[in-house]
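> make a model of this:
(chains A, B, C, D and E)
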Amino acid sequence: MILAKVVGTVVSTVKNDGISGASYLLIEKCNQSGDRKGDFIVALDLVGAGNNEMVIVAEGSSARETSQTVNKPLDALIVGIIDLIDENDKIVYRK
Amino acid sequence: MILAKVVGTVVSTVKNDGISGASYLLIEKCNQSGDRKGDFIVALDLVGAGNNEMVIVAEGSSARETSQTVNKPLDALIVGIIDLIDENDKIVYRK
Amino acid sequence: MILAKVVGTVVSTVKNDGISGASYLLIEKCNQSGDRKGDFIVALDLVGAGNNEMVIVAEGSSARETSQTVNKPLDALIVGIIDLIDENDKIVYRK
Amino acid sequence: MILAKVVGTVVSTVKNDGISGASYLLIEKCNQSGDRKGDFIVALDLVGAGNNEMVIVAEGSSARETSQTVNKPLDALIVGIIDLIDENDKIVYRK
Amino acid sequence: MILAKVVGTVVSTVKNDGISGASYLLIEKCNQSGDRKGDFIVALDLVGAGNNEMVIVAEGSSARETSQTVNKPLDALIVGIIDLIDENDKIVYRK
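Numbers count the residues shown, from 1 in each chain, chains lettered A, B, ... in the order given. Down below sits the predicted model:
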């Protein structure tokens, strides 16, 4: 899974994804410390991630492995909000 | 899902995709503000996206998760036309 | 799907793909005008694409969604020969 | 599968992956000698990989092909701890 | 499928892939002439590829489409040993 930060929302009214009651968030890939990389994707959020939080994003067919996303045409899902990352026994990110 | 702009159409008469009544569009990846990146792919359109509109594109097996694309050999599908993107509470793209 | 040009053939006699009667072609990724990018992959051809033709290539599991490729270990399939591409209402490629 | 080194852990309490009793590790892609590349991803660990060990990581739908990960929204799994790599009959990495 | 050269072996005794009787090879991506690119991955070999041979590698879920690899957590499989590649009617690689 990739690391990314929530940076905004993406609004689409004309769509054929069969998804309702969940938001498309604009996320930006980041490194292990939360530094942003300038690479943006759109991911569905089912965990209530807030702006500027670092999240774990599952891509590809794995994004469909929840009851709300099964059989939906989406390829990026926020699966967790990150509390803390340690690298070589040093905390490099804390929510 | 990735962000892209519709920039043209791709016509193919000799094909074995089993798809009819839908268009292959030429799309160019873009950033969250709609700035084009010079990276082009071909995506099937089922939502009637028009030229220069920014769209959400599902890639991989997720592109087959609609009634029209199930079991078809395609790996990129336009799933929504974007109305608006906000980044850090500032609108960075509006249709 | 990606855009690519057919540039050659790949011959393999020791293989375990279970495929017969179809060719592996050497293809080179290209842009929307047909300019080659120096990035080569191997794709199965079922449409009879000829040398120097621009083609649409489906990648990943989508390459297995035809009767000849179902359940085969291949991840790139030529799904169509491109006749014409227009970009912003200007023809940028013609077969 | 890719080569990577275990460099830390990723803690997430708000998540919807349905996984318990396994850790998300921070891993950094590396080359065949173990030199790190500065590219970080998050992978589930089921083999008990320790810090600084080089591992084999399966990505995409393949990460779900174990009894613990089947039908879970994850796309990266540590499938083995590497003992030794030889390149051109010379040992380039040893645990 | 990608082009790669076999450059070594990867030994792992602690693994949970459920695979026995087949080797993990260290492979390096190459261009159509066999020039190496410095990008290494690990692939399962079922065809008996030898050191320095150029091979065709299937990635992703396609790697599981053989009787030995079905339902295994692997994402790269050597599907053929290349005998010859021609590019624009000129032989650019011969085994």
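> does stretch A:39-51 reach chain B?
Yes: shown here: stretch A:39-51 in contact with chain B (C-beta under 8 Å from any C-beta of the partner chain) through A:40-43, A:51. For every residue, glycine as well, the C-beta is placed using N, CA and C.
> how distant is that stretch from the center of its chain?
Stretch A:39-51 sits 4 Å away from the centroid of its parent chain (C-alpha atoms, centre = their mean, to the nearest Å).
> what's in contact with it?
By C-beta atoms under 8 Å, 6 or more residues apart in numbering or on different chains, the residues outside stretch A:39-51 that reach it are A:4, A:6-8, A:10, A:19, A:22-29, A:55, A:57, A:63, A:66, A:68-69, A:74, A:76-81, B:1-3, B:31-32, B:56, B:88-89, D:14-16.
> mind running it again at 7 Å?
The set of residues that contact stretch A:39-51 without belonging to it, under C-beta atoms under 7 Å, 6 or more residues apart in numbering or on different chains, is A:6-7, A:10, A:19, A:22-29, A:55, A:57, A:66, A:68-69, A:74, A:76-78, A:80-81, B:1-3, B:31-32, B:56, D:14-16.
> can I get the buried part of the residues you listed as one PyMOL selection?
Here is the PyMOL command that selects only those of the contacts of stretch A:39-51 that count as buried (16 or more other C-beta atoms under 10 Å in any protein chain shown):
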select buried, (chain A and resi 6+7+10+19+22+24+25+26+27+28+55+57+66+69+74+76+77+78+80+81) or (chain B and resi 1+2+3+31+32+56) or (chain D and resi 15+16)
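> quickly list what the residue sitting nearest the centre point of chain A is bridged to.
The structure's chain A has its C-alpha centroid closest to A:Ile78; by C-alpha atoms, centre = their mean the separation is 3.4 Å. A:Ile78 forms beta bridges with A:Asp45, A:Val57, as assigned by DSSP bridges.
> that one contacts A:Met54, doesn't it?
No: applying C-beta atoms under 7 Å as the test, A:Ile78 and A:Met54 come out as separate, 10.4 Å apart.
> which secondary structure elements does the lowest-mean-pLDDT helix or strand in chain A sit against?
Taking mean pLDDT, DSSP states H and E as the measure, the helix or strand of chain A with the lowest value is strand A:14-15, at a mean of 88. Counting contacts by 3 or more C-beta pairs under 7 Å, 6 or more residues apart in numbering or on different chains; DSSP states H and E, strand A:14-15 is packed against strand B:76-81.
> could you dump the strand it packs on to PDB, C-alpha only?
Written as PDB, here are the backbone C-alpha positions of strand B:76-81 (Å, rounded to 0.1, in the frame of the first residue of the first chain):
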ATOM      1  CA  ALA B  76      -9.000   2.200 -18.500                       C
ATOM      2  CA  LEU B  77     -12.500   3.600 -18.000                       C
ATOM      3  CA  ILE B  78     -13.800   7.100 -17.400                       C
ATOM      4  CA  VAL B  79     -16.000   6.800 -14.300                       C
ATOM      5  CA  GLY B  80     -16.900  10.400 -13.700                       C
ATOM      6  CA  ILE B  81     -16.700  13.900 -15.000                       C
END
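> following element in sequence after it, please.
For strand B:76-81, the following helix or strand on the C-terminal side (DSSP states H and E) is strand B:84-87.
> do that following strand and chain A come into contact?
Yes: among the residues of strand B:84-87, B:84-87 lie within reach of chain A under C-beta under 7 Å from any C-beta of the partner chain.
> next, the residue of chain A found nearest chain E: secondary structure please.
Of the residues in chain A, the one nearest chain E is A:Ser61, at a distance of 7.7 Å by C-beta to the nearest C-beta. In three-state terms, and counting by DSSP: H, G, I helix; E, B strand; the rest coil, A:Ser61 is helix.
> residues contacting it?
B:60-62, D:61.
> now those residues in a markdown table, with pLDDT?
Written out in a markdown table, the entries for the contacts of A:Ser61 read as follows (pLDDT from 0 to 100):
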| residue | pLDDT |
| --- | --- |
| B:Gly60 | 98 |
| B:Ser61 | 97 |
| B:Ser62 | 97 |
| D:Ser61 | 97 |
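> and the furthest pair within these?
Comparing all pairs in these by C-beta to C-beta, the longest separation belongs to B:Ser62 and D:Ser61, at 11.3 Å.
> write out the residues of chain A neighbouring chain D.
By the rule C-beta under 7 Å from any C-beta, the part of chain A lying against chain D is A:1-3, A:31-32, A:46-47, A:56, A:58-63, A:65-66, A:77, A:79-88.
> secondary structure element for A:Thr66?
Assigned by DSSP H and E, A:Thr66 belongs to neither a helix nor a strand.
> the least confident helix or strand of chain A pairs with which strands, parallel or anti?
Here strand A:14-15 is paired, per DSSP bridges, with strand B:76-81 (antiparallel).
> residues in contact with the strand it pairs with?
Contacts made with strand B:76-81 from outside it, assessed by C-beta under 7 Å, 6+ apart, are listed as A:12, A:14-17, A:73, B:1, B:25, B:41-47, B:49, B:53, B:55-59, B:63, B:66, B:69, C:1.
> for chain C, what's the nearest residue on chain A?
Checked against chain C (C-beta to the nearest C-beta), the nearest residue in chain A is A:Ser61, 7.7 Å away.
> A:Gly50 - how many residues pack around it?
The criterion is other C-beta atoms under 10 Å in any protein chain shown. On that basis, A:Gly50 has 11 neighbouring residues.
> now A:Ile85
Taking other C-beta under 10 Å as the criterion, the count of residues near A:Ile85 is 27.
> how close does the residue lying closest to it once chain neighbours are set aside sit to A:Met54?
Leaving aside its sequence neighbours, A:Ile85 sits nearest to A:Tyr93 (C-beta to C-beta, 6 or more residues apart in numbering or on different chains; 4.2 Å). A:Tyr93 is 6 Å from A:Met54, where distance means C-beta to C-beta, to the nearest Å.
> okay, and the common contacts of these two?
Taking C-beta under 7 Å, 6+ apart as the contact definition, A:Tyr93 and A:Met54 share the neighbouring residues A:34, A:82.
> so between the two, which is more surrounded?
With other C-beta under 10 Å as the criterion, A:Tyr93 and A:Met54 differ in neighbour count, and A:Met54 comes out ahead with 25 against 22.
> and the closest residue in space to the more buried one that isn't next to it in sequence, what does it touch?
With sequence-adjacent residues excluded and distances taken as C-beta to C-beta, 6+ apart, A:Met54 is closest to A:Ile82, at 4.4 Å. Shown in contact with A:Ile82 (C-beta under 7 Å, 6+ apart): A:54-56, A:93, A:95, D:10, D:12.
> try it again with 8 Å
A:Ile82 makes contact with A:3, A:53-56, A:93, A:95, D:10-12 under the criterion C-beta under 8 Å, 6+ apart.
> A:Glu59 contacts A:Asp75, correct?
Yes: in this structure, A:Glu59 sits in contact with A:Asp75. The criterion is C-beta atoms under 8 Å, and the distance is 6.0 Å.
> coming back round to it: and the contacts of A:Ile82, which is closest to D:Arg36?
Nearest member of the contacts of A:Ile82 to D:Arg36, counting by C-beta to C-beta, is A:Leu3, at 15.8 Å.
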